[in-house]
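> need the 3D shape of this:
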Amino acid sequence: MGKSGRRAYGLDDIGIVPARRTRDPEEVSISWQIDAYRFEIPLAVSPMDSVVSPRTAVEIGRLGGLGVLDLEGLWTRYDDPDPLLAEIAELDTEAATRRLQEIYTAPIREDLIGRRIEEIRAGGVTTAVRLSPQRTAQFHKAVIDAGVDIFVIRGTTVSAEHVSGRAEPLNLKQFIYELDVPVIVGGCATYTAALHLMRTGAAGVLVGFGGGSGHTTRTVLGVAVPMATAISDVAAARRDYLDESGGRYVHVIADGGMTRSGDIAKSLACGADAVMVGSPLARATEAPGRGHHWGSEAHHNELPRGRRLELGTIGTIAEIINGPSSTSDGSMNLMGALRRTMATAGYSDVKEFQRVEVVVEG
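Predicted coordinates for the structure are as follows:
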């Protein structure tokens, strides 16, 4: 009687309803454009050391997606992180968290920030990198000077009104206004939080708490919002902000909790413009994690909220993204499956597909 809560739904709780017509999958467009940058597929790959290196970021870009490099990861702390990545892959489960904390105590180097961005730029693809809100003020100049295309400010929860008595918080609105590159910021999971982030001038908002399958935020902090509801609420904020701003469209990017192709389709059906995934690509043979997966939350120096997972490998990056698939569980040919879902439901592009009917199962 003293507390109320509304019912919320995860992606597993909903289903997509086909319309009255179907289409040829080859005639469906899944392209996506944010600011001046166009992508053939609505797929960004999470800034996690187990998935995105400069080399895999280039490969993902060549396949039509966007690989986001974590500038607080091993690639900006060590000249050659390969031996450490090999060590992490061999750690037993009990030792993994403590050893990750030790490895990530090495300082972030500005010279390596510039070098890694240049390595991706040399591949001829759109360059995107991530910093946490806590590190953005310190390192953003090195990022901009290196010529990044898209700047991602990503944390477990990012707000436009962070309150701190210990340090001057990042003023997102002023920071984004002064930059000459589009900024994607998040995560958030509610209508109000998303609306405030949109008012900062961000080009895109991340929905979710990141981390996905390796995340333990629910058990450590008790913080959780099911993704279907979170995406739908943030999409509503996008609609209202479009009216409020006189036509400024902010992209909604679902971030985390999508391990299969059906999850990606459901996220777009709930209103996302694109998705950010990690674990599906961590299973690629080229992935730096060698079949293991972890996020930045897994090596937090005071309160880890993630774990290293052993996922194994199933195929190349190209096969996981664009097929062909040799499995029937939705882990490969993610974009081919999305095209078929949209064709089955009768929609020709992502913007139309956002209007598809969904039902709550069970």
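> from now on I want contacts and neighbour counts done on CA atoms only, so please keep to that.
Noted.
> ok but Phe151 is inside a helix, no?
No - using DSSP: H, G, I helix; E, B strand; the rest coil, the assignment for Phe151 is strand, not a helix.
> count of residues packed around it?
Neighbour count of Phe151, defined by other Cα atoms under 10 Å: 25.
> also Asn301?
14.
> and it, how far is that from Asp79?
To Asp79, Asn301 is 22 Å away according to Cα to Cα, to the nearest Å.
> what ranges does the chain have for its strands?
14-16, 32-34, 37-39, 43-45, 66-70, 128-131, 150-154, 183-188, 204-207, 251-255, 274-277, 292-293, 309-310, 358-360 (DSSP state E).
> now these in a markdown table, with distance to Arg339?
As requested, the strands of the chain are exported to a markdown table (distance: least, Cα to Cα, whole Å):
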| stretch | distance to Arg339 |
| --- | --- |
| strand 14-16 | 14 |
| strand 32-34 | 13 |
| strand 37-39 | 15 |
| strand 43-45 | 13 |
| strand 66-70 | 18 |
| strand 128-131 | 25 |
| strand 150-154 | 26 |
| strand 183-188 | 25 |
| strand 204-207 | 22 |
| strand 251-255 | 18 |
| strand 274-277 | 14 |
| strand 292-293 | 27 |
| strand 309-310 | 29 |
| strand 358-360 | 17 |
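> now those strands as TSV including distance to Leu242 and mean pLDDT?
Below are those laid out as TSV (distance: least, Cα to Cα, whole Å; pLDDT from 0 to 100):
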stretch	distance to Leu242	mean pLDDT
strand 14-16	26	97
strand 32-34	15	97
strand 37-39	20	97
strand 43-45	23	98
strand 66-70	25	98
strand 128-131	25	96
strand 150-154	22	95
strand 183-188	17	92
strand 204-207	13	96
strand 251-255	11	97
strand 274-277	18	97
strand 292-293	37	94
strand 309-310	40	90
strand 358-360	23	97
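> which one of those strands lies nearest to Asp240?
Ranking the strands of the chain by proximity to Asp240 (Cα to Cα) places strand 251-255 first, at 12.9 Å.
> using CSV, list the CA coordinates for the closest one.
C-alpha atoms of strand 251-255 as CSV (Å, rounded to 0.1, in the frame of the first residue of the first chain):
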residue,chain,number,x,y,z
HIS,A,251,18.3,9.0,-32.6
VAL,A,252,17.4,6.2,-30.1
ILE,A,253,20.0,3.4,-29.8
ALA,A,254,19.2,0.3,-27.8
ASP,A,255,22.2,-0.7,-25.8
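> helices or strands next to that strand in the packing?
When contacts are defined as 3 or more Cα pairs under 8 Å, 6 or more residues apart in numbering; DSSP states H and E, strand 251-255 sits against strand 204-207, helix 227-244, strand 274-277.
> okay, now the unreliable bits of the chain?
In the predicted model, the chain carries pLDDT under 70 at residues 156-169, 210-218.
> so which residues of it form helices?
Assigned by DSSP state H, the helices in the chain fall at 54-62, 82-90, 93-103, 110-121, 133-145, 172-178, 191-198, 217-221, 227-244, 261-269, 279-282, 317-322, 334-345, 350-353.
> any chance of these in a markdown table, with distance to Gly306 and mean neighbour count too?
What follows is the helices of the chain, written out as a markdown table (distance: least, Cα to Cα, whole Å; neighbours: other Cα atoms under 10 Å):
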| stretch | distance to Gly306 | mean neighbour count |
| --- | --- | --- |
| helix 54-62 | 23 | 22 |
| helix 82-90 | 15 | 15 |
| helix 93-103 | 9 | 15 |
| helix 110-121 | 25 | 19 |
| helix 133-145 | 19 | 16 |
| helix 172-178 | 26 | 15 |
| helix 191-198 | 23 | 22 |
| helix 217-221 | 7 | 13 |
| helix 227-244 | 18 | 21 |
| helix 261-269 | 21 | 25 |
| helix 279-282 | 13 | 29 |
| helix 317-322 | 24 | 21 |
| helix 334-345 | 25 | 23 |
| helix 350-353 | 32 | 20 |
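> who wins for proximity to Val205 among the ones you listed?
Evaluated over the helices of the chain, closeness to Val205 peaks at helix 191-198, with 7.1 Å, by Cα to Cα.
> what does that closest one rub up against?
Here helix 191-198 makes contact (Cα atoms under 8 Å, 6 or more residues apart in numbering) with 159-160, 185, 188, 204-205, 230, 233-234, 236-238, 241, 250.
> can you list these in JSON lines and add distance to Ser46?
Below are the contacts of helix 191-198 laid out as JSON lines (distance: Cα to Cα, whole Å):
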{"residue": "Ser159", "distance to Ser46": "20"}
{"residue": "Ala160", "distance to Ser46": "22"}
{"residue": "Val185", "distance to Ser46": "13"}
{"residue": "Cys188", "distance to Ser46": "16"}
{"residue": "Gly204", "distance to Ser46": "15"}
{"residue": "Val205", "distance to Ser46": "14"}
{"residue": "Ala230", "distance to Ser46": "18"}
{"residue": "Asp233", "distance to Ser46": "22"}
{"residue": "Val234", "distance to Ser46": "20"}
{"residue": "Ala236", "distance to Ser46": "24"}
{"residue": "Ala237", "distance to Ser46": "23"}
{"residue": "Arg238", "distance to Ser46": "22"}
{"residue": "Tyr241", "distance to Ser46": "26"}
{"residue": "Val250", "distance to Ser46": "19"}
